[in-house]
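Student: Fold the following and give me the result.
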Amino acid sequence: MEYRGIVVGILQSIPNGWRWQFELNGTSKCGQGFGRQNAAHRARKAIDAAIKDTPADRSAWQVGQRVSRKNHDELGTVVEINGQVKVKWDGGRTSYFRHDDKANVEIAPPYPQPGAAP
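Tutor: Numbering: from 1, shown residues only. Purely as a prediction, here's the structure:
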């Protein structure tokens, strides 16, 4: 499944046990649930928490990190951080920001993308 642009693996482990795992900013997170829906719910909550805990200072952003435009639903991915931050938006555009510039960009908000799996 995919949630907020992050691919989550969900596998059945024991007769009624399900395990989930995703990677965000180079760190792998995993857990389990007693059913597939429960595991998916727990994975979504873990992704929301992981994104919320991501630093807001652009100098600490990493390649692959999901970001959004403030006051807008558009999401993007950080694709470069050498000297400036380069963000590739899901709509196809690209933006460049200096680390210390004020910009209308923040860590992706905790709400599902349209069309994301439950």
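Student: ok, now how distant is residue 37 from residue 77?
Tutor: Distance, residue 37 to residue 77, using Cβ to Cβ, to the nearest Å: 28 Å. C-beta here means a position set from N, CA and C on the backbone, and glycine is covered the same way.
Student: nope, residue 48 is what I was after
Tutor: Taken as Cβ to Cβ, the span from residue 48 to residue 77 is 17 Å.
Student: ok, residue 37 and residue 77, which is more surrounded?
Tutor: Per other Cβ atoms under 10 Å, whichever of residue 37 and residue 77 has more neighbours is residue 77, with 16 against 12.
Student: show me what contacts the more buried one?
Tutor: Contact analysis of residue 77 by Cβ atoms under 8 Å, 6 or more residues apart in numbering lists 5, 64, 65, 66, 67, 87, 88, 90.
Student: Local confidence estimate at it?
Tutor: We note a pLDDT of 88 for residue 77 in this prediction.
Student: so how far is residue 21 from it?
Tutor: Separation of residue 77 from residue 21 (Cβ to Cβ): 20 Å.
Student: repeat for residue 85
Tutor: Applying Cβ to Cβ to residue 85 and residue 21 gives a distance of 28 Å.
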